[in-house]
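Engineer: Quick one, fold the following:
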Amino acid sequence: MYFQHYNIITPLGLSLEQTTAAVLKGQSAIRNRLWQGFPKEVPMAAFNQEEVQAHFSALGLRGQFSPLAKTLLLAVAPLLEGLSADQRTLLILSTTKGDIEQLHPKNPLPYLQELAQTIAHTIGLNTTPLVVSNACVSGAMALSVAQRLLYAGSFDKVLVLAADQVSTFVLSGFAAFQAMSPLACRPYDAQRDGINLGEAAAAALLTRTPDGALAQLIGSSSINDANHISGPSRTGEGLYLSIKRTLAQANVSPQQIDLINAHGTGTQYNDEMESIAFMRSGLLCVPLNSYKGYFGHTLGAAGLLETVLSLALAHRQTLLQSLNFQTLGVSQPINVLTQNLHKPIKYLLKTASGFGGSNTALLIKINN
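Structural biologist: Predicted coordinates:
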């Protein structure tokens, strides 16, 4: 199905254009920050809430909105002209923890569906929204769900939104796993030692019709290998099968892929698993990058954020370097980008993996 419009907001810029300009300069949003309950500074990529509030106020929306809802509405604002308030347009919201920071005995329970309903009502959509919350593949899987609904003719347009925020709950959880790096994360590097968390919001409008489309989602697959509640399959089984089925659906060979935008968290087991899956898929020679060094791990927003940024860069014929990577530290000789490359991109493979053995692969054809 067809990408008509898209946008992202990140700590590097509250628009796709600002964020793209920042990453092309090699800028990272990761900074050391103090967080309540933590004894020392933690590297993360977090919004400047005063800046978010200033831009949100300019939208002129009435009502009470959580900080997460404000980022979602800022992300979708440039896409509103392409929407239709009818039964043929659907909102899919991707998030892992939603408004979990609003969890308090004095507050209503922050159900994900209610957040989705609030966003849909505010932007004038009448259909009941869907929520995709499947660990860190959520953003990529939401695009796959949109593709299937459009292909089936259930809707003419699907608006996919994604966002997550840094919270005490998430920080505490990853700290308990001993999965957080004390430094800026280094995906695939020999010295990698964990993740950084990040905040972002992203929006993409997909349609059944190709007129004016910027790109086409031609294949997708999600395989759960159920290896472990938090640890990935050591053989990359779920990711390998997701890639295999995605390429088969699109009738595209591994040799035709121009770029892999991978999950690349910077943890020992995830990055190693990915390298094995890419080897098994015949993709070792394909240029590969991870954006976690720029934004940290944005959880349920990551798959959509990274897809949209990859599309924007593809239209600039730019393959972005994988920030903080120096020396290969995985068993398979994957082709990690150490500098920006400039060449035409026709086929982009986007992959994502997450807790519980979840994996998603997307194949996108760029319209130049």
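Engineer: Does Pro333 touch Leu284 like I think?
Structural biologist: Yes. Using CB atoms under 8 Å, Pro333 is in contact with Leu284, at 5.8 Å. (Each C-beta comes from the backbone N, C-alpha and C, glycine too.)
Engineer: In terms of packing, which of the two has more residues around it?
Structural biologist: A count of neighbours by other CB atoms under 10 Å puts Leu284 above the other of Pro333 and Leu284, at 15 against 12.
Engineer: And that one, how far from Tyr269?
Structural biologist: Leu284 sits at a distance of 19 Å from Tyr269 (criterion: CB to CB, to the nearest Å).
Engineer: How about His55?
Structural biologist: 38 Å.
Engineer: Please, where are all the helices along this protein?
Structural biologist: 16-24, 49-57, 67-76, 112-123, 138-151, 168-176, 237-250, 268-280, 292-295, 302-314 (DSSP state H).
Engineer: Would you mind giving those as a markdown table with mean pLDDT, mean neighbour count and distance to Ala202 added?
Structural biologist: Below are the helices of the chain laid out as a markdown table (pLDDT from 0 to 100; neighbours: other CB atoms under 10 Å; distance: least, CB to CB, whole Å):
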| stretch | mean pLDDT | mean neighbour count | distance to Ala202 |
| --- | --- | --- | --- |
| helix 16-24 | 98 | 18 | 9 |
| helix 49-57 | 96 | 13 | 15 |
| helix 67-76 | 98 | 24 | 6 |
| helix 112-123 | 96 | 19 | 13 |
| helix 138-151 | 98 | 24 | 7 |
| helix 168-176 | 88 | 15 | 18 |
| helix 237-250 | 97 | 22 | 20 |
| helix 268-280 | 97 | 22 | 21 |
| helix 292-295 | 98 | 28 | 11 |
| helix 302-314 | 98 | 26 | 4 |
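Engineer: who does Ala361 bridge with?
Structural biologist: Ser221, Thr351 (DSSP bridges).
Engineer: Which among the helices of the chain is found nearest to Glu41?
Structural biologist: With CB to CB as the criterion, Glu41 lies closest to helix 168-176 of those, at 12.0 Å.
Engineer: which strands and helices sit next to the closest one?
Structural biologist: Counting contacts by 3 or more CB pairs under 8 Å, 6 or more residues apart in numbering; DSSP states H and E, helix 168-176 is packed against strand 197-198.
Engineer: From Ala29, how far out is the spatially most distant residue from the centre of the chain?
Structural biologist: Distance from the centre of the chain peaks at Lys106, with 32.1 Å (CA atoms, centre = their mean). Lys106 sits 32 Å away from Ala29, taking CB to CB as the criterion.
Engineer: now swap in Ala203 and tell me
Structural biologist: 19 Å.
Engineer: and those two? which has more neighbours close in?
Structural biologist: Each of Ala203 and Ala29 has its neighbours counted (other CB under 10 Å); Ala203 has more, 27 against 24.
Engineer: which residues sit in contact with that one?
Structural biologist: 6-8, 72, 75-76, 78-79, 159-162, 304, 308 (CB atoms under 8 Å, 6 or more residues apart in numbering).
Engineer: can you redo the residues you listed as TSV with distance to Asn367?
Structural biologist: Listed next are the contacts of Ala203 as TSV, based on distance: CB to CB, whole Å:
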residue	distance to Asn367
Tyr6	13
Asn7	18
Ile8	19
Leu72	27
Ala75	22
Val76	22
Pro78	19
Leu79	18
Leu159	20
Val160	18
Leu161	23
Ala162	22
Leu304	19
Val308	15
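Engineer: any idea which of these is closest to Leu171?
Structural biologist: Ala162 (19.8 Å).
Engineer: number of nearby residues for that closest one?
Structural biologist: 33.
Engineer: Tell me the spacing between it and Ala75.
Structural biologist: Distance from Ala162 to Ala75, by CB to CB: 8 Å.
Engineer: Which residues are in contact with each of those two?
Structural biologist: With contacts taken as CB under 8 Å, 6+ apart, Ala162 and Ala75 have Ala201, Ala202, Ala203 as neighbours in common.
Engineer: Can you tell me which of those is closest to Thr246?
Structural biologist: If you rank the shared contacts of Ala162 and Ala75 by distance to Thr246 using CB to CB, Ala202 comes first, at 20.5 Å.
Engineer: Look at that closest one and report its pLDDT.
Structural biologist: Confidence at Ala202, expressed as pLDDT, is 98.
Engineer: Please work out how many residues are found near it.
Structural biologist: Neighbourhood size, Ala202 [other CB under 10 Å]: 31.
Engineer: can you pull up the bridge partners for it?
Structural biologist: Applying DSSP bridges, one finds that Ala202 bridges with Ile8, Ala162.
Engineer: how far does stretch 155-162 sit from the chain's center?
Structural biologist: Centre-to-centre, stretch 155-162 and its host chain are 15 Å apart (CA atoms, centre = their mean, to the nearest Å).
Engineer: buried stuff in it?
Structural biologist: Phe155, Lys157, Val158, Leu159, Val160, Leu161, Ala162 (16 or more other CB atoms under 10 Å).
Engineer: And these, which two are furthest apart?
Structural biologist: The widest separation within these (CB to CB) is 18.0 Å, between Phe155 and Ala162.
Engineer: Settle this for me: Leu109 is touching Ile100, isn't it.
Structural biologist: No. Judged on CB under 8 Å, Leu109 makes no contact with Ile100 at a distance of 10.4 Å.
Engineer: out of these two, which sits in the more crowded spot?
Structural biologist: In this view Leu109 and Ile100 are compared by other CB under 10 Å, and Ile100 has more residues nearby, 17 against 9.
Engineer: about what we covered before: now, among the shared contacts of Ala162 and Ala75, which is nearest to Ile243?
Structural biologist: Among the shared contacts of Ala162 and Ala75, and counting by CB to CB, the member closest to Ile243 is Ala202, at 22.4 Å.
Engineer: And the closest one, how far from Leu73?
Structural biologist: In terms of CB to CB, Ala202 sits 13 Å off from Leu73.
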